[in-house]
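1. Provide a 3D model corresponding to the input given below.
(3 chains)
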Amino acid sequence: MMMMENLDMVNRDPNNINDHLKTAFDDVLAEVDGTHSIDCIWKASYACFHGCKSCFYNIFTFFCGIWMACFWGLDFAVISFAHVWCVTPTLRMCMIHCNLCQKTFGTWINCCCAPCCEVFSLIFSNIRVEKK
Amino acid sequence: MMMMENLDMVNRDPNNINDHLKTAFDDVLAEVDGTHSIDCIWKASYACFHGCKSCFYNIFTFFCGIWMACFWGLDFAVISFAHVWCVTPTLRMCMIHCNLCQKTFGTWINCCCAPCCEVFSLIFSNIRVEKK
Amino acid sequence: MMMMENLDMVNRDPNNINDHLKTAFDDVLAEVDGTHSIDCIWKASYACFHGCKSCFYNIFTFFCGIWMACFWGLDFAVISFAHVWCVTPTLRMCMIHCNLCQKTFGTWINCCCAPCCEVFSLIFSNIRVEKK
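-> Numbers count the residues shown, from 1 in each chain, chains lettered A, B, ... in the order given. Below you'll find the predicted structure:
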């Protein structure tokens, strides 16, 4: 089990699963050369953007984050249990049955169609290609 | 027979049959740079996620795991017995019969269609490919 | 978190996300050789273009910039929260289910179609090509 001490507080997305969520200021707002607003406005915009984003994100996570984490913990416990103890063994059993069906069906279709196919293959047994 | 002493307590999926079930914390929840929640909330989320998951998974396995294992043990014993002692020999017998049918049918269809196919093969006997 | 001191006041589009917005004077107005207006008119046009653009852009950003920045900050906080805490875990769960479906469907289609394909492959098992 991963220990609390190993929790990386700086890089919180080590597997890059949310890499599409780049929403820093310069990913969203950008003024090209020649179209600059007044410096103080640009600074204030930066402060407001970051302030609002951090503030609201922190409020949301403060009120919901822990419950969401609990919910997903429970959810994935159920899914893990279901898959490990029910689904995978059932699938293995199905595969055994399917293998049987495949063999039976294969034998039968072999019996019916193989002679035909072998005969029809004679059509291609006499190809002569002349290269100029 | 696998001995109890050889049971690998650390790697419990040596054949990687449940590899899709990666549900560690950093496989599910991840915050990109620039959008971090308060440290204590992130830590608490981690603790809650892992706590809930371990707790519920342990409860499920504690109450059901052993019975499920018994059930699947019984099930696969039945299937193994049926396949080894009934299905496979039956299949072998069918294959022998089918082989006979196939040969008979093959002889017959060969008699009827082989001349036709051989004649039709003349269609491809005169291919001229010109390379420029 | 990115600090206010690191805010680049000169290059305000470090990630080049608005690179298509080149609207300097010589990106918009240009006279070819042989078709030149009077020099003072060209200079006045330049002054007016830049004056108007800066003036109105500054007015707009002065009155709306900060509120827009707040609005986008809030917006991206909501989006980040939704993605980090809801969408990504749901997606992970869907992927687990899909993996199951994929395996089931793969086994089933193998069972049905593999024998047919193997038999029909016999048609091409007898190709004889004679090169002249």
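2. For the rest of this, base every contact and every neighbour count on C-alpha atoms.
-> Will do.
3. Now do the helices in chain A.
-> A:25-28, A:39-60, A:66-82, A:88-120 (DSSP state H).
4. ok, the closest residue to A:K22 other than its chain neighbours to A:H20 distance?
-> Nearest-residue entry for A:K22: B:V32, 6.9 Å, with adjacent residues in sequence omitted and distances by C-alpha to C-alpha, 6 or more residues apart in numbering or on different chains. Separation of B:V32 from A:H20 (C-alpha to C-alpha, to the nearest Å): 9 Å.
5. For the one residue sitting closest to the centre of chain A, give me phi and psi.
-> In chain A, the C-alpha closest to the average C-alpha coordinate belongs to A:I17, at a distance of 8.5 Å (C-alpha atoms, centre = their mean). Here is the backbone geometry of A:I17 (degrees, to the nearest 10): phi -80, psi -20.
6. B:V32 is in contact with that one, correct?
-> No. Contact between A:I17 and B:V32 fails when scored by C-alpha atoms under 8 Å: they sit 9.0 Å apart.
7. quick one: low-confidence ranges for chain A?
-> A:1-3 (pLDDT under 70).
8. go with 80
-> Counting by pLDDT under 80, chain A has low-confidence residues at A:1-6, A:22-23, A:34, A:131-132.
9. Count the neighbours of A:G51 for me.
-> 16 (other C-alpha atoms under 10 Å in any protein chain shown).
10. same thing with A:F71?
-> 16.
11. A:E5 too?
-> A:E5, neighbours per other C-alpha under 10 Å, totals 8.
12. What of A:R128?
-> A:R128: 19 neighbours (other C-alpha under 10 Å).
13. still on that earlier bit, have a look at B:V32 and A:H20 and say which one is more surrounded.
-> B:V32 (22 against 9).
14. Phi, psi for A:L21 please.
-> Torsion angles, degrees, to the nearest 10, at A:L21: phi -90, psi 40.
15. pretty sure it contacts B:V32?
-> Yes. Counting by C-alpha under 8 Å, B:V32 is a contact partner of A:L21 at 6.7 Å.
16. residues touching A:S125, list them.
-> Counting by C-alpha atoms under 8 Å, 6 or more residues apart in numbering or on different chains, A:S125 touches B:S121, C:N126, C:I127, C:R128, C:V129.
17. Now the buried members of these.
-> The neighbour-count test (16 or more other C-alpha atoms under 10 Å in any protein chain shown) applied to those identifies B:S121, C:N126 as buried.
18. now the contacts of A:S125 as TSV including distance to chain A?
-> Shown next, in TSV, are the contacts of A:S125 (distance: C-alpha to the nearest C-alpha, whole Å):
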residue	distance to chain A
B:S121	4
C:N126	6
C:I127	5
C:R128	5
C:V129	5
